[in-house]
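**Student:** Build me a structure from this.
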Amino acid sequence: MSLNTIDAAALKRFFLSGANNINNNKEYINELNVFPVPDGDTGTNMTLTIMTAVEEVNKIDKPTIDSLGKAIATGSLRGARGNSGVILSQLFRGFCKDIKGKKSLEIIDVASAFSRAVDTAYKAVMKPKEGTILTVARGMADKAAELAENETDFIKFSEIILDHGERVLARTPDLLPVLKEAGVVDSGGQGLVEVIRGIVLAMKGEDVGTEDEPTARPKAKPSFKKIDFSASGNDHISTADIKFGYCTEFIIMLDKELTESEVDAFKEYLLSIGDSLVCIADEEIVKVHVHTNHPGLAFEKALTYGALTRMKIDNMREEHTERVILSEERQKTDDKGDKTTGDRDSVKLIAPTHVPKPDDPPKKYGFVAVAVGSGISEILTNIGIDHIISGGQTMNPSTDDILSAVEQVNAENVFVFPNNKNIILAANQAAGICKDKNLIVIPTASVPQSISAMIEFDAGSDVESNKNNMLSVMETVKTGEVTYAVRDTSFDGKSINKGDIMGIDDKGIRSVGSDINETTAGLIDDMLDEDSGLLTVYYGEDINKEQAEELVSKINEKHDDIEIDVHFGGQPIYYYIISVE
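**Tutor:** Next comes the predicted model:
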């Protein structure tokens with residue numbers, strides 16, 4: 001059997017098989033995280049990214065190369081999560097741009113598109129690192145270019161590229177010492193290889209289905225706790241104060257592309273029957289989120305533009321009442337010093353503290369932050385954050401999540417604090433496609449950095465001055481985190497066993513032990529120096545107030561010249577978050 005050209009129907013089949021293969025292997029990819037912490041989410045991020053593109057692809061009954069390319073590029077762009085997901089979306093974007101206008105694909109076309117995919121992905125990363133998904137992608141692109149002139153059979157061509165990609169992947173530990181010490185290959189590179197493997201299998205007639213066992217891989221055994229992303233800072237609001245009772249979401253599959261004036265008119269109509277509007281229009285779809293008392297009217301208006309899909313209506317008054325009851329029960333439990341748990345399976349937007357009226361003029365500045373934990377959310381709200389995307393470790397918000405949050409802030413200039421290194425690229429990608437507002441990303445890697453940046457904000461200064469001041473002050477903040485190991489490993493000369501407590505700062509794993517407070521104290525000892533003046537401790541949902549006070553007492557005995565602040569953070573996974581300034 002040989003394959004010399006790829007038409008649109010085959011391309012769709014191959015893409016779906018590649019997506020299914022990484023989906024089937026996502027837990028295995030998650031386990032390749034260098035740090036043995038319970039937030040290894042590369043496989044999850046890449047899968048969520050590609051599956052958003054799958055949703056768009058599956059809407060196409062009679063595909064063309066152009067329609068598939070647009071669906072793959074747009075879907076993955078808006079669904080991109082985490083650094084690995086953003087890079088994957090950029091690979092798709094570059095590839096799809098290069099094949100635009102083709103009726104079918106030959107090997108020379110795919111080789112050219114692969115090369116452009118790699119160039120696009122490298123340009124999206126400020127400081128590309130070798131030994132990552134980028135290295136694996138470039139290795140495969142180089143091999144494709146080498147084979148393109150003489151090879152005519154896609155199956156043989158693709159098998160050689162896959163084999164070469166696996167060889168490059170196997171060498172990633174030689175390029176990144178942290179991979180070698182942890183005994184793993186690069187997780188993003190592994191994810192890309194699994195996508196290509198699924199494509200090659202489909203070329204051979206062995207399409208990977210959604211329910212199939214992973215090809216040539218045992219299923220990983222997840223060892224992570226689920227995280228609560230449902231915290232809200234608005235439990236004090238009475239249901240009588242909820243003006244519009246139904247949270248209504250849907251997507252319009254457009255009959256034809258809307259003009260800018262048509263989009264504006266649709267937005268005006270939705271605001272006339274509701275508030276908290278998010279309306280993102282693309283060439284083929286419109287994504288809508290609105291709070292209204294008449295979901296039917298929103299649906300009826302939307303139907304004049306095209307067919308509806310993914311309709312969802314939630315009664316916010318009922319949900320609010322249930323949340324207040326749960327919050328009161330949690331508070332009673334917290335007062336007793338016990339641990340709390342919840343249903344933790346998705347990123348959610350925490351509603352802004354002030355919902356603007358349709359005719360409210362936009363303010364000059366607005367702020368969006370990514371965070372998790374009821375205490376941390378309250379702190380951020382109190383210092384001026386307008387909108388919180390509840391997420392972070394284990395669940396990185398997508399580019400679309402960030403855009404939706406920015407859309408709900410009634411301001412001309414919106415500063416976004418990602419508060420996690422793995423969210424910065426998605427935030428930058430959102431800034432690149434945000435049209436209605438000036439979105440400024442402050443690349444904070446932690447919540448403490450965003451708090452210091454917000455304190456530095458001056459409402460009387462211009463955008464650029466505020467940005468520079470925030471960037472400057474965040475660099476003076478050291479952040480530490482205390483969590484547990486999910487597997488046996490060794491890192492930076494330290495032997496780590498599953499279940500050990502680890503203290504991690506900006507430089508790596510600094511302390512390992514069996515006692516939470518002792519390990520935290522060891523981390524703090526390493527973080528403090530002669531220039532340190534303020535230590536801030538945020539204790540998580542698994543730590544009670546008495547334990548936190550015991551830690552502070554221990555630190556005071558050794559460092560009586562340091563000012564110490566203690567706050568309930570309520571964050572999951574991390575027993576303590578430490579800030580040193």
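
**Student:** Which elements pack onto the strand or helix carrying residue 404?
**Tutor:** Using DSSP states H and E, residue 404 sits in helix 399-407. Packed against helix 399-407 by the contact rule (3 or more C-beta pairs under 8 Å, 6 or more residues apart in numbering; DSSP states H and E) you find helix 65-79, strand 274-281, strand 348-350, strand 363-371, strand 387-390, strand 411-417, helix 424-433. The C-beta positions use only the backbone N, C-alpha and C, and glycine is treated the same way.

**Student:** repeat that with 7 Å
**Tutor:** For helix 399-407, the elements it packs on are helix 65-79, strand 274-281, strand 387-390, strand 411-417, helix 424-433, judged by 3 or more C-beta pairs under 7 Å, 6 or more residues apart in numbering; DSSP states H and E.

**Student:** For residue 294, see how far away the residue nearest to residue 309 when sequence neighbours are not counted is.
**Tutor:** Excluding the flanking residues, the one nearest residue 309 by C-beta to C-beta, 6 or more residues apart in numbering is residue 251, at 5.1 Å. For residue 251, the distance to residue 294 (C-beta to C-beta, to the nearest Å) stands at 19 Å.

**Student:** Give me the contacts around stretch 85-100.
**Tutor:** 45-46, 48-50, 53, 65-66, 69, 72-73, 76-77, 80, 105, 109, 112-114, 116-117, 119-121, 124-125, 133-134, 137, 188, 425-426, 429 (C-beta atoms under 7 Å, 6 or more residues apart in numbering).

**Student:** List only those of those residues flagged as buried.
**Tutor:** For the contacts of stretch 85-100, a neighbour count by 16 or more other C-beta atoms under 10 Å gives the buried set as 45-46, 48-50, 53, 65, 69, 72-73, 76-77, 80, 105, 109, 112-114, 116-117, 120-121, 124-125, 133-134, 137, 188, 425-426, 429.

**Student:** Compare residue 251 and residue 294 (neighbour count), which wins?
**Tutor:** Using other C-beta atoms under 10 Å as the criterion, residue 251 and residue 294 rank with residue 251 on top: 21 against 14.

**Student:** In three-state terms, label the more buried one for me.
**Tutor:** strand (DSSP: H, G, I helix; E, B strand; the rest coil).

**Student:** where does it land on pLDDT?
**Tutor:** Per-residue pLDDT puts residue 251 at 83.

**Student:** go on, the one 10 residues further on?
**Tutor:** Per-residue confidence at residue 261 stands at 87 (pLDDT).

**Student:** Figure out the helix or strand that it lives in.
**Tutor:** Counting by DSSP H and E, residue 261 is part of helix 260-272.

**Student:** Could you do residue 29 as well?
**Tutor:** Using DSSP H and E, residue 29 falls in helix 26-30.

**Student:** That helix packs against which elements?
**Tutor:** Where contact means 3+ C-beta pairs under 7 Å, 6+ apart, helix 26-30 is packed against helix 42-57, helix 187-203.

**Student:** can you tell which of the ones you listed is closest to residue 383?
**Tutor:** helix 42-57 (28.9 Å; C-beta to C-beta).

**Student:** Surely residue 84 is in contact with residue 42?
**Tutor:** Yes - with contact defined as C-beta atoms under 7 Å, residue 84 counts as touching residue 42 (4.8 Å).

**Student:** Give me the more crowded residue out of the two.
**Tutor:** Using other C-beta under 10 Å as the criterion, residue 84 and residue 42 rank with residue 84 on top: 29 against 26.

**Student:** which SS class is that one?
**Tutor:** Following three-state DSSP, residue 84 is assigned to helix.

**Student:** Quickly note the distance from it to residue 136.
**Tutor:** When residue 84 is compared with residue 136 (using C-beta to C-beta), they lie 11 Å apart.

**Student:** and what of residue 75?
**Tutor:** To residue 136, residue 75 is 22 Å away according to C-beta to C-beta.

**Student:** where along the stretch 401-550 of the chain do the helices fall?
**Tutor:** Taking DSSP state H, counting those that start in this stretch as the criterion, the stretch 401-550 of the chain carries its helices at 424-433, 447-456, 463-474, 516-527, 545-558.

**Student:** Tell me which of those helices lies nearest to residue 31.
**Tutor:** Ranking the helices of the stretch 401-550 of the chain by proximity to residue 31 (C-beta to C-beta) places helix 424-433 first, at 22.3 Å.

**Student:** What helices and strands are in contact with that closest one?
**Tutor:** Here helix 424-433 touches helix 82-98, helix 399-407, strand 438-441, going by 3+ C-beta pairs under 7 Å, 6+ apart.

**Student:** now what about that helix, what contacts it?
**Tutor:** Contacts of helix 424-433 (C-beta under 7 Å, 6+ apart): 77, 80-83, 86, 396-399, 402-403, 406, 416, 418, 439, 441, 443.

**Student:** follow-up on the earlier one: with neighbour numbers in mind, choose between residue 75 and residue 136.
**Tutor:** Neighbour count, other C-beta under 10 Å: between residue 75 and residue 136, residue 136 has more, with 29 against 26.

**Student:** where does that one sit relative to residue 10, distance-wise?
**Tutor:** In terms of C-beta to C-beta, residue 136 sits 24 Å off from residue 10.
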